[in-house]
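[1] only geometry, no sequence info:
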């Protein structure tokens, strides 16, 4: 799996995720530990985990935003 290019949108999402990690660090770390077990410890596995993890954090952010409204 080829690494995705970092567009401005991806960089913006990464900044939002970093801010979110500060606010919900323990909750996010627990989820990361659970999800990481599903991917092999190879370069391809790490790339797949990274892509999947970004999508999970985006969904987490959306659900938190909806609940806060």
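    Received the coordinates, thanks. As the structure is a computational prediction, the values presented were derived from the model and not from experiment.
[2] isn't residue 21 up against residue 32?
    No - counting by CB atoms under 8 Å, residue 21 stays clear of residue 32, with 9.6 Å between them. All C-beta spots, glycine's among them, are computed from the backbone N, C-alpha and C.
[3] just want the most central residue of the protein.
    residue 54 (3.0 Å; CA atoms, centre = their mean).
[4] any regions of this structure where pLDDT drops low?
    Along the chain, segments meeting pLDDT under 70 span 1-6, 9, 64-69.
[5] packing partners for the longest helix belonging to it?
    The helix spanning the most residues in the chain, taking DSSP state H as the definition, is helix 43-68. If you count contacts as 3 or more CB pairs under 8 Å, 6 or more residues apart in numbering; DSSP states H and E, helix 43-68 packs onto helix 8-23, helix 25-36.
[6] show me what the longest one packs onto, helices and strands only.
    If I follow you right, that is helix 8-23. For helix 8-23, the elements it packs on are helix 43-68, judged by 3+ CB pairs under 8 Å, 6+ apart.
[7] again with the last one
    Taking 3+ CB pairs under 8 Å, 6+ apart as contact, the helices and strands that helix 25-36 lies on are helix 43-68.
[8] now do the helix it packs on and helix 8-23, the angle between them.
    70 degrees (axes from the mean of the first three to the mean of the last three CA atoms, to 10 degrees).
[9] tell me the buried residues in helix 43-68?
    49, 53, 57, 60, 61 (16 or more other CB atoms under 10 Å).
[10] count of neighbours near residue 42?
    Residue 42 has 9 neighbours, counted by other CB atoms under 10 Å.
[11] roughly how far does it sit from residue 49?
    10 Å (CB to CB, to the nearest Å).
[12] next: residue 58.
    15 Å.
[13] try residue 15
    The value you get for residue 15 to residue 49, if CB to CB is used, is 20 Å.
[14] same deal with residue 41?
    Counting by CB to CB, the gap from residue 41 to residue 49 is 10 Å.
[15] let's have the helices and strands packed on helix 43-68 in CSV, adding mean neighbour count.
    Shown next, in CSV, are these (neighbours: other CB atoms under 10 Å):
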stretch, mean neighbour count
helix 8-23, 12
helix 25-36, 12
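[16] list phi and psi for residue 37.
    phi -60, psi -20 (degrees, to the nearest 10).
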